[in-house]
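Asker: Sequence and computational prediction follow.
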Amino acid sequence: MESSIQFVVNERLYTLVPMAPRRAIHFAPKALGVIARLVDGSPILTGLPDYGDNVEDALKSIIPELIRIAAQIDPEAMSGLIDEVFTTDIYTEADDNLSDTEIFDNHFSLFPSDLLQVGFWAVVHNSLMFLVEDHMSLLIADENVKETLN
């Protein structure tokens with residue numbers, strides 16, 4: 001039985017089958033190094049003020065932080081990680097495997113705003129699972145993410 005995780009990006013469901021442990025030996029340390037530099041001291045992780053139901057104010061406070069974090073990204077390192085993670089098994093709602101180049105190109109031509117979000121989520125998941133036993137408790141921030149078994 002193979003473990004997988006399902007998540008929603010822009011109202012589309014994706015299913016990620018974690019990479020094999022032997023492959024993760026090389027992938028996870030690289031990914032964790034990039035991710036650690038991005039989130040070091042970030043208020044997104046350490047806790048933003050509670051804005052209650054005022055979503056507009058909450059978003060306004062997060063946007064500058066997201067821009068600051070994005071400015072710290074090593075573009076070569078991050079794009080390499082995202083490219084590598086898309087060679088693993090990530091499936092669309094139609095059960096199409098995005099590791100197939102033609103399927104990948106067709107899908108993200110239709111849904112370009114999903115590309116980096118799906119890739120980033122897959123990088124984070126494939127890194128944390130080999131570091132923290134109950135990594136899902138760290139990642140489940142909303143109802144759009146759930147661990148499943150195939």
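Answerer: Happy to help now that I have it.
Asker: What segments of this structure are strands?
Answerer: Under the criterion DSSP state E, the chain carries strands at the ranges 3-9, 12-16, 90-91, 145-149.
Asker: Only the buried residues of the biggest helix by length in the chain, if you could.
Answerer: If you go by DSSP state H, the chain has its longest helix at helix 21-39. Residues of helix 21-39 classed as buried: A24, F27, A28, A31, L32, V34, I35, L38 (neighbour count, 16 or more other Cβ atoms under 10 Å). Any C-beta I mention is one placed from the backbone N, CA and C, and that applies to glycine too.
Asker: So for those residues, which is the shakiest by pLDDT?
Answerer: Within these, L38 has the lowest pLDDT, namely 63.
Asker: quick one: low-confidence parts of this structure?
Answerer: Residues of the chain meeting the criterion pLDDT under 70: 1-2, 36-71, 130-150.
Asker: List the contacts of the longest helix of the chain.
Answerer: Contacts to helix 21-39, defined as Cβ atoms under 8 Å, 6 or more residues apart in numbering, come from residues 18-19, 45, 69, 72-74, 77-78, 80-81, 84-85, 88, 123-124, 126-127, 129-131.
Asker: Lovely, talk soon.
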